[in-house]
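Quick one: sequence and predicted model below, then my questions.
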Amino acid sequence: MRLFRNVALGAMSLALVLGACTSGGGSTSVPSASSAGTSAMLASTFVLAAPPECPDRPFCAKGLKETYGLEFKEVKATDAGGPITVEALKGGDAQVGLLFTSDPAIQTNGFVLLEDDKGLQLADNLIPVVRQEVIDADAGVADVLNTVMERLSQEELTKLNTAVTVDARDVADVATEWIKAQNFDAIGAAIEGDIVVGSTNFYEQEVLAEIFAQMLEGNGATVERKFQLGNREVVFPALQEGEIDVLAEYAATALEFVNEGAGEATADAEETAEKLRERLTESELTALDPAEATDQNGFVVTKETADKFGLTKISDLAKPAP
């Protein structure tokens, strides 16, 4: 689960404005481990840039130590997946940074997202949540939305976010072009009836909602859009009460929201999605197939650092330092 799900929607816009902001002076060089000795772990020579809460959080430094055995030279207090973290990495003040896995800054800056190979983070895969009545009326709705999820890789989600937040393109245009590129014309679900697609005020959910809306319209449905309704505390009750019919959600976060923090989410997307479906039953809702794409805590390094030390996954940070 993302540590800081309440990060302001404007974080990416802020990154554009504060591109020159840094977390302090420093060289662009990658630190040497020679003074630490050959038995030192690579992570012990690196600085981790992350929010101030990171040292005590189970999905940040604390979890990295417990799950991967990693201890860093320093945990540098920056921000929650924002411009200060980005600039710390670019300026060499940190060698590892916490960003969200669908953050356009990863692609824009050529950062390498390290694979969470031991499953520290919970499965916050994108997943459609839909009123059961809508699915019962026309199974084609599930077919259409599941097909979208099947194509939604991490790379594709990041591209969509980049187009909207970095390139400042119109959400509807971005959705139309993505759908065309995926060649979805062959679905032919022939859906009948009216469907209301909603979204929170988070740009990522709005672009996914627009993709859902256009796909449903392209397969016969009459669609009403209710976007930017507010945060989850506003939008999820609207779904439960039938004011909207379809919502793009995050599996682990949604599960822990509906179960009031019972701690049932895991790092397994299918397992978490199934538990979410069980929890949604009494609200007459269901969750469809999770996408490969996630929006959760991710740990990134620059390409220079990745190439120099052969880093592709988080456990690589436990290698002996050179």
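Nice, thanks for sending it over.

Need phi/psi at the residue nearest the centre of the chain.
When Cα atoms, centre = their mean is applied to the chain, the residue found nearest the centroid is D295 (0.9 Å). As for D295, its main-chain torsions (degrees, to the nearest 10) stand at phi -140, psi 90.

From what I see, it and L99 are in contact.
No: checked against Cβ atoms under 8 Å, the pair D295 and L99 is beyond contact range at 10.7 Å. Placement of C-beta: from N, CA and C, glycine included.

Now do the lengthiest helix in the chain: distance to the chain's middle.
Counting by DSSP state H, the longest helix found in the chain is helix 203-218. How far helix 203-218 lies from its chain's middle: 17 Å, per Cα atoms, centre = their mean, to the nearest Å.

what's the answer for stretch 212-230, then?
22 Å.

Let me see the mean pLDDT of it.
For stretch 212-230, mean pLDDT is 96.

What's the end-to-end length of it?
19 Å (Cα to Cα, to the nearest Å).

got it, and stretch 158-178?
Stretch 158-178: ends 12 Å apart by Cα to Cα.

who's in contact with it?
Stretch 158-178 has contacts (Cβ atoms under 8 Å, 6 or more residues apart in numbering) with 12-13, 16, 102-104, 106-108, 156, 203-204, 206-208, 210-211, 213-214.

shaky segments in this protein?
Within the chain, the ranges that satisfy pLDDT under 70 run 1-39, 185-187.

Let's see that with 80 instead.
1-39, 184-189 (pLDDT under 80).

Helices along that one, start to end?
Under DSSP H, the chain gives helices at 11-17, 61-68, 83-90, 104-108, 132-137, 140-151, 154-165, 171-182, 203-218, 232-240, 251-258, 269-280, 303-309.

Dump those to JSON lines, plus distance to A287 and mean neighbour count.
Formatted as JSON lines, the helices of the chain follow (distance: least, Cβ to Cβ, whole Å; neighbours: other Cβ atoms under 10 Å):
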{"stretch": "helix 11-17", "distance to A287": "27", "mean neighbour count": "17"}
{"stretch": "helix 61-68", "distance to A287": "26", "mean neighbour count": "18"}
{"stretch": "helix 83-90", "distance to A287": "31", "mean neighbour count": "24"}
{"stretch": "helix 104-108", "distance to A287": "26", "mean neighbour count": "21"}
{"stretch": "helix 132-137", "distance to A287": "10", "mean neighbour count": "15"}
{"stretch": "helix 140-151", "distance to A287": "10", "mean neighbour count": "19"}
{"stretch": "helix 154-165", "distance to A287": "18", "mean neighbour count": "20"}
{"stretch": "helix 171-182", "distance to A287": "22", "mean neighbour count": "16"}
{"stretch": "helix 203-218", "distance to A287": "14", "mean neighbour count": "24"}
{"stretch": "helix 232-240", "distance to A287": "11", "mean neighbour count": "17"}
{"stretch": "helix 251-258", "distance to A287": "7", "mean neighbour count": "25"}
{"stretch": "helix 269-280", "distance to A287": "5", "mean neighbour count": "20"}
{"stretch": "helix 303-309", "distance to A287": "35", "mean neighbour count": "15"}
